[in-house]
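Engineer: sharing a sequence plus its predicted fold:
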Amino acid sequence: MFTDDLGWSTAVSGHVMRGGRHFVEFAIETHRQGAPSVNLGIIRPVSLTDGIDLETDWEGKVHPVFASSSFKPAVAEKLRSQRTAKWEESNVHCCTYYSYNGRCYWTDWDSENDSSDWQGQEGLRGNGTIGLLLDLDEGTLSVFKNGRRLGVMKEGLGGEHCWFVTANRPCTISISRDRAPN
């Protein structure tokens with residue numbers, strides 16, 4: 001994925017994770033001085049564009065972690081309407097690691113849209129890698145920075161998810177799957 005100064009760029013993996021442990025590394029390469037604003041994480045397997053207008057609904061900025069009834073009610077309703085039984089009981093529909101300061105942002109695409117600090121939290125303000133380990137057996141999302149485990153960022157996860165990334169500054173981001181670390 002490559003982004004420029006035209007606004008947020010979002011990419012979603014087509015690989016749906018339904019159970020077990022899944023690990024990916026996002027390699028971030030900045031193209032200018034300063035830290036890019038990058039969100040890396042998981043999202044329900046939904047379409048961000050079917051029946052959702054880029055200009056009218058998203059206002060040109062596709063950023064699914066900020067779609068809630070208070071921020072983007074029309075988008076949030078359209079995303080929730082894609083719910084299937086495979087989402088199970090978890091209400092975490094989109095969860096991200098924010099590279100600038102390492103905060104966890106998540107939403108249920110309804111009334112919950114929250115951010116939180118977590119033990120081990122660190123940002124990545126430049127080039128490097130962020131690894132994410134989704135353990136659907138344990139219901140956790142853990143973060144690794146440049147190969148070093150930082151900790152569990154979010155608990156209470158379940159059901160189907162895909163990897164995704166959202167960025168708004170010039171950078172190149174690549175994603176690679178790997179074996180889950182122990």
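Structural biologist: Sure thing, it's come through. Residues are numbered from 1 along each chain as shown.
Engineer: just the helices in the chain please.
Structural biologist: Using DSSP state H, the helices of the chain run over 73-80.
Engineer: closest to the centroid, which residue in it?
Structural biologist: Geometric centre of the chain, nearest residue: G41, 2.6 Å, by Cα atoms, centre = their mean.
Engineer: what does the pLDDT read for the residue lying closest to E155 once chain neighbours are set aside?
Structural biologist: Ranked by Cβ to Cβ, 6 or more residues apart in numbering and with sequence neighbours excluded, the top spatial neighbour of E155 is T140, at 5.3 Å. All C-beta atoms are positioned from the backbone trio N, CA, C, and that covers glycine. pLDDT, T140: 98.
Engineer: tell me what T140 is bridged to.
Structural biologist: T140 has these beta-bridge partners by DSSP bridges: D135, E155.
Engineer: is it true that the residue nearest to the centre of the chain touches L132?
Structural biologist: Yes. With contact defined as Cβ atoms under 8 Å, G41 reaches L132; the gap is 6.9 Å.
Engineer: shaky segments in the protein?
Structural biologist: 1-7, 34 (pLDDT under 70).
Engineer: ok now the longest strand seen in it, how far from the chain's centre?
Structural biologist: The residue-count maximum for a strand in the chain (DSSP state E) belongs to strand 21-30. Centroid separation between strand 21-30 and its chain, computed with Cα atoms, centre = their mean, to the nearest Å, is 11 Å.
Engineer: what about the strands in this protein?
Structural biologist: Assigned by DSSP E, the chain shows strands spanning 2-3, 9-12, 21-30, 38-43, 94-98, 104-107, 113-116, 128-135, 140-145, 148-155, 162-167, 171-178.
Engineer: can I get those strands in CSV including distance to F66?
Structural biologist: Formatted as CSV, these follow (distance: least, Cβ to Cβ, whole Å):
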stretch, distance to F66
strand 2-3, 17
strand 9-12, 11
strand 21-30, 19
strand 38-43, 9
strand 94-98, 9
strand 104-107, 7
strand 113-116, 7
strand 128-135, 19
strand 140-145, 18
strand 148-155, 16
strand 162-167, 9
strand 171-178, 19
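Engineer: quick revisit: give me the sheet partners of the longest strand of the chain and which way each runs.
Structural biologist: Under the criterion DSSP bridges, strand 21-30 sits next to strand 128-135 (antiparallel), strand 171-178 (antiparallel) in its sheet.
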